[in-house]
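J.: 3D, please:
(2 chains)
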Amino acid sequence: MARRARTHSRHLAGGGHLSAPSHPGAVLVARDLRKDYPVGGETVHALRGVSLSVGRGEHVAIVGPSGSGKSTLLQLLGGIDTPSAGSVEVLGTRLERLSDRDLTRLRLLRLGFVFQRFHLLPVLTARENVELPMAEAGVKSAERRARALELLEYVGLSGRAGHRATQLSGGEMQRVAIARALANQPAVLLADEPTGELDAATGQEILELFRRLNRDGATLVVVTHDERLAREAGRTVTMFDGRIADR
Amino acid sequence: MTGLGWGIRSLGRHPLRTGLSLAGIAVAAAMLLDMVMLSGGIDKSFGDLLLQRGYQIRITPKGTLPFDTEASLPGARRLVRTLRADPEVATAGAILGSAVYARTPDSLVTLFGYGVQPESQGIYRVMAGADLAPADTTGLLLSAAAAAVLGGARVGDTVMLAGRLDPQIAAAAEDRSLVVRGMVEWLYDYRGQPSVGAVLPVMQRLARQATGDPASLVLVRARADSMVEPLVARLRADYPTLEVNSVVELVAQAKRRLSYFTQLAHVLGAMSLVVTVLLIGTLLTITVNERLGEIATLRAIGIGKATVVSQVLAEGVALTVIGSALGVLLGLATARYLDAILTSFPGLPAAFSFFVPRADTLTQAAVVLLVTGSLAGLYPAWLAARAPIAATLRAEAT
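T.: Numbering: from 1, shown residues only, chains lettered A, B, ... in the order given. This next block holds a predicted model:
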C-alpha cells in the first residue's frame, strides 16, 4: 500500500516546469478577478473582484449559493474563460498573456479538470479516455497505456479499463474522469460539483478519493454544494454575489 | 486510437442515422461512378471494339458506315491485293454484308451473311470447330444465334443457303449447300443476331453481287500505329471516291455524336457530388451540435483545436470511405444492369459497352470523392473549433 501511494504521488506531484510563482509556494494566484456578462442588454457582474491564492498541496473548497460566481471563478482559474479584469497566474505564468494555443497547452499539462457531468467520450473505453490527454501531450503509446492502467487502478477501476464509458455507472464515470484529469500529472486539480450528479453513497466514494488524492500530494480546488466534500477541504472559500464572503 | 478509428466509432453512436446517411452517400457515389464510367466508357468501348483484331483503318463506300446501307465499293479483291503490297500495310481484308436465307424443312429463315477473306479478317473469333480456309467455297461459319434459328446446327452439319430472293417470283436466285466448319462470335453483331459467314466470292454470289467484286468495307492493319495517320492521308489521296478513316477518327466522330451522353454524365456526376457534400455536411453538423458539450470538455482539458478538427474531419473521411466502398458495389451492379438494357437496343453490337470501368477515371472519382468528403467536414469542423468553452460548459451544467 505504501509503495502504491508512493507511485501515485509521483503522478500527482507534477507541474514543476514553469517559473516560480510570485506568491511563494502558491501554484494558483488570482488577483482582483472580475467577470461581466452581457445578458439582454444588461451587464451581469458574475465576479466583482476576487483574489485568491492556492498553495501547493492545498485542498480548497469553494462554496456558496447558486449564482454566486463559484463556477465562473473556477473557469477563470482554469483558463477556460477570460476575466473582464484582473489576472490569474498558474505556477507563475500569467494566463492573459498566453495565446489560445499556449493556454490550451497549459490546461493540458498543468491543470486537471473534473466536471459535474463527467463528459467522458462514450465511444472510448475507460483506458482510452484516460489516455486521451496523454496522447495529446505526445506521450508514447506504451507509456500512456501503462500510466492509464495505473491511474485506473488508483481510482479503483482496474477491472473496468476495457469498458466503454456508457457501460460504467455514474460513480465509475466520475472516477475515470478523475483519472483522466490526473493523466498529465497536473499542478492543480479543479473540480466543479464533482458529486453533483451522484447519489449519496457514490458521492462518498468520490469524497474519499479526493481525500486520498490530497493526502498523496495533489492540490485541489473544488466547487461544491456538497457539505461533506466542503468539510474535507483544508480551506473553504464562500462566495456570495460575485465576491468572497469570508475565508 | 487513431482519428479515423475514433471517427468510425463516433459514427456508431447513432447506427440508424449513420446507416441512412451511408446509404445516401453510397447511392450518390454509385451515381458518380456510373457517370464517370459512362462519360469515358462509350468511346473507350467503341475504340476497343474496332481495334479488337488490330485493324486500325476502315475503307468504305463514300459517305457510308459499314453495313449501314447496301452501298458497296467495287473491285474489292484488287484493292486488297494493292493494299497488301503496300510496304506500310501489314494486311488487309474485304468484307461483304448482305441478307441471306437458310432453307429449313418448312420455311426460309432470314440471316445476315458476311463474306470474308479468312486469311485477313477482323470481325469474328472462332469459338468451336475450325476457321474457313481462304479457298473454302463450301464452308460456312455460324454464330450461336444462327445455329439456334437453324434448329441447333452444329459443326459438320450441312446448311442450304439461298441468295437474294426475286420479289416477283419469291424464288431464290441461287442456292448453295454449305458445311458448317466452325462456330464463331461475330464481333459487331447485335445481341441475338443470326449471322453466317462464307468466303467472299460465295457471299458475293449469294447476294447476287458477283459482278464488280463488291465489298461493304475493307479492313487495313498498318505495320505500326505510328504509320496509321500518314497511311490514311495517302489512301485518301489515292482513293478519293472512297471513305478512308482511322479508328481514332471514327472514335472521335462517335464521341462528337454522343457528346450529350458525356455532358449528361458530367452534370449528373456533379449533382451526385453535391448530394454527397450535403449529406456529409448535414450529418456532421448535427453531430457536432449534439456534441458541443463533449467538445467543450475536450477543449477545456487541453485537447487542441487541431485534434478536435481532425476528429470531425476523420468522421467525414470515414463516412466517405465506407459510403464510397458501398457505392462502388452498387455502381458496378447498376452499370451492369443499365448496360444490359442499353446494349439490347437494335443495331448496337452486343460487345459494345456504355459503362466501362477504367483505372484512371475510377481513381480520379475516388480522389474527388475523398476530397469532397473531407471538404464537407470543414464547416462542422470549424463549428467544433470555435465552440465557446466556458459558455457551452455553463449551458451544459444548467
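J.: what packs against the one helix or strand B:M37 maps to?
T.: Taking DSSP states H and E as the definition, B:M37 sits inside helix B:15-50. Judged by 3 or more Cβ pairs under 8 Å, 6 or more residues apart in numbering or on different chains; DSSP states H and E, helix B:15-50 is in contact with helix B:247-257, helix B:259-290, helix B:305-342, helix B:359-376. (C-beta placed from N, C-alpha, C; glycine too.)
J.: can I get the first one in CSV, CA atoms only?
T.: Provided in CSV are the C-alpha atoms of helix B:247-257 (Å, rounded to 0.1, in the frame of the first residue of the first chain):
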residue,chain,number,x,y,z
VAL,B,247,-10.2,4.0,-85.8
VAL,B,248,-9.1,7.0,-83.9
GLU,B,249,-11.0,9.3,-86.2
LEU,B,250,-14.1,7.0,-86.1
VAL,B,251,-14.0,7.1,-82.3
ALA,B,252,-13.7,10.9,-82.4
GLN,B,253,-16.7,11.1,-84.7
ALA,B,254,-18.7,8.8,-82.4
LYS,B,255,-17.6,10.9,-79.4
ARG,B,256,-18.8,14.0,-81.1
ARG,B,257,-22.2,12.4,-81.9
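J.: residues contacting the residue in chain B that chain A sits nearest to?
T.: Across chain B, no residue is closer to chain A than B:G302, which sits at 2.5 Å (Cβ to the nearest Cβ). Contacts of B:G302 were listed using Cβ atoms under 8 Å, 6 or more residues apart in numbering or on different chains, and they are A:104-109, A:111, A:133, A:136-137, A:184.
J.: pick the one among those residues closest to B:A325.
T.: A:E136 (30.5 Å; Cβ to Cβ).
J.: how about the closest one, nearest residue that isn't a chain neighbour?
T.: B:I303 (5.2 Å; Cβ to Cβ, 6 or more residues apart in numbering or on different chains).
J.: give me the number of residues near that neighbour?
T.: The number of residues packed near B:I303 is 20, by other Cβ atoms under 10 Å in any protein chain shown.
J.: touching, it and A:L108? I think so.
T.: Yes. In this structure B:I303 lies within contact range of A:L108 using Cβ atoms under 8 Å: 7.3 Å.
J.: spit out the residues that contact the two alike.
T.: Counting by Cβ under 8 Å, 6+ apart, the shared contacts of B:I303 and A:L108 are A:133, A:136.
J.: pLDDT score for residue 240?
T.: Using chain A. Here, the pLDDT recorded for A:F240 equals 92.
J.: meant chain B, my bad for not saying
T.: Taking B:P240 on its own, its pLDDT is 91.
J.: near it, how many other residues are there?
T.: Look at B:P240: counted by other Cβ under 10 Å, it has 9 neighbours.
J.: wait, a strand at it?
T.: No. B:P240 sits outside any strand when classified using DSSP: H, G, I helix; E, B strand; the rest coil, being coil.
J.: can you give me phi and psi for it?
T.: Backbone torsions of B:P240, given as degrees, to the nearest 10, read phi -70, psi -20.
J.: quick one: find the helix or strand in chain B with the lowest mean pLDDT.
T.: Ranked by mean pLDDT, DSSP states H and E, the helix or strand of chain B with the weakest confidence is strand B:171-172, at a mean of 59.
J.: next SSE after that strand?
T.: Using DSSP H and E, the helix or strand that directly follows strand B:171-172 along the chain is strand B:175-186.
J.: can I have that following strand written out in CSV, keeping just the CAs?
T.: The C-alpha trace of strand B:175-186 is given here as CSV (Å, rounded to 0.1, in the frame of the first residue of the first chain):
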residue,chain,number,x,y,z
ASP,B,175,-29.0,-21.9,-103.6
ARG,B,176,-25.7,-23.2,-102.0
SER,B,177,-25.2,-26.2,-99.9
LEU,B,178,-22.6,-25.3,-97.3
VAL,B,179,-21.0,-27.3,-94.5
VAL,B,180,-20.6,-25.8,-91.1
ARG,B,181,-16.9,-25.6,-90.4
GLY,B,182,-16.9,-23.5,-87.2
MET,B,183,-19.0,-21.7,-84.6
VAL,B,184,-17.9,-18.1,-84.3
GLU,B,185,-18.6,-14.9,-82.4
TRP,B,186,-19.2,-12.0,-84.8
